[in-house]
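Visitor: Generate coordinates for the sequence data below:
(one chain, ligands or ions: 1)
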Amino acid sequence: MRLAVLTSGGDAPGMNGAIRAVARTAFARGWEVLGVRNGYQGLLENDLVPLRDRAVGGILHRGGTVLGTARSPEFTKPEGQRRALGNLSAAGVEGLVVIGGEGSLTGALRLSELGLRTAGIPGTIDNDVPATDMAIGVDTALNTALEAIDRIKDTASSHQRAHVVEVMGRHCGYLALMGAIAGGAEAVLVPEFTPDPQGIVESLVRSYAKGKPHFIVVVAEGASVSAEELHEYINRTPGAFESRLTVLGHVQRGGNPLAYDRILSGRLGAAAVEALADGDSGVMVGTAGRNVARVPLSEVAGGPRPLDPQVYSLARTLAGLSPDEHAP
Ligand code: F6P
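Guide: Numbers count the residues shown, from 1 in each chain. Below is the predicted model:
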């Protein structure tokens, strides 16, 4: 069997481990593997390279994706999908593994509907892919954001300041919420739940009056009140901490994958090839508790994955921002 593998959408630490696992599991079955460069765009441009054993050596620990990635508006159209399929058939490809986020996995679903055997692997720092507990890259990005929050807290305490920290996640608040819990932030704003900037500022004023040395707010980039708006609001509030704003941005996407993502990439990469070997198609391999599970890609398309309200509530409790504290 001749298999192709591609990475698509925003890169995520651990994608290289997934490419390696896909290739090595396929080699173990005697299959050939082609790497598609730059995601679906590369598929449209027929940019396919044979992957030999050494091509996937020495990449497990490296961030980014050695195959390159892209966002391809052309591929989202049926005409683009048919052309991509034509290029794959001309190259003798019988199966495709797609490593990416929800949009990229929707692309894999479309190709499977056109008759190609496909398997998807969730790879995105956002953790917005439905039907999996974790995507490859999330844990490393979260730890990168956490390290930044810890550092910011040091300087915040020294200067008795508020700091508003914007983290990535597109429409999903997972990174912000988990970063806030792990970083012991005083407040968190996520797209999934209505923000209460006034309540946050009231709590901040009380914290300042009580002599608390810092006030850290983690804001998801997709929150309906932006990090910048909250930062300015705090600075317009008399008798409160002065605020500084930090946008973590793409620093969260880079860096060597941590152990969790390396192991996850190995497990999911192998599972994707096994799914195709079993004759499955149009499936994503993801995590369900301690297990790897196969789910239909139709359950993945149309996300995003919801955020657990209990975890959001926990973040508020741990931060001392419970509703009672806001009562007049
Ligand atoms: O999907 C991953 C992600 O990093 C999002 O968190 C962010 O909104 C987006 O990609 C940024 O995309 P780009 O790198 O194209 O600016």
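
Visitor: Could you tell me the per-residue confidence at the residue lying closest to residue 80 once chain neighbours are set aside?
Guide: Leaving aside its sequence neighbours, residue 80 sits nearest to residue 74 (Cβ to Cβ, 6 or more residues apart in numbering; 4.3 Å). For glycine as for every other residue, the C-beta is placed from the backbone atoms N, C-alpha and C. pLDDT for residue 74: 97.

Visitor: Around the ligand, which positions in this protein sit nearby?
Guide: Residues of the chain lying close to the ligand by Cβ under 6 Å from any ligand atom are 9, 10, 101, 124, 125, 126, 168, 169, 170, 221, 253.

Visitor: Let me see the contact set for the residue nearest the centre of the chain.
Guide: Geometric centre of the chain, nearest residue: residue 125, 2.0 Å, by Cα atoms, centre = their mean. With contact set as Cβ atoms under 8 Å, 6 or more residues apart in numbering, residue 125 has these partners: 10, 12-13, 135, 137-138, 140-141, 168-169, 175, 252-253.

Visitor: Identify the farthest-apart pair in these.
Guide: 13 and 169 (15.3 Å; Cβ to Cβ).

Visitor: the domain parsing of the chain - what is it?
Guide: The chain breaks down by automatic domain parsing into domains covering 2-137+257-299, 138-253.

Visitor: Same list, these, but as JSON lines with distance to residue 315 please.
Guide: Formatted as JSON lines, the domains of the chain follow (distance: least, Cβ to Cβ, whole Å):
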{"stretch": "domain 2-137+257-299", "distance to residue 315": "15"}
{"stretch": "domain 138-253", "distance to residue 315": "5"}
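
Visitor: So for residue 316, which of those domains sits nearest?
Guide: Residue 316 lies closest to domain 138-253 among the domains of the chain, at 7.8 Å (Cβ to Cβ).

Visitor: Span of that closest one from start to end?
Guide: 9 Å (Cα to Cα, to the nearest Å).

Visitor: Tell me, how many residues neighbour residue 106?
Guide: By other Cβ atoms under 10 Å, the residues close to residue 106 number 19.

Visitor: Quick check: closest non-adjacent residue to it.
Guide: residue 301 is the one closest to residue 106 (Cβ to Cβ, 6+ apart), at 4.1 Å.
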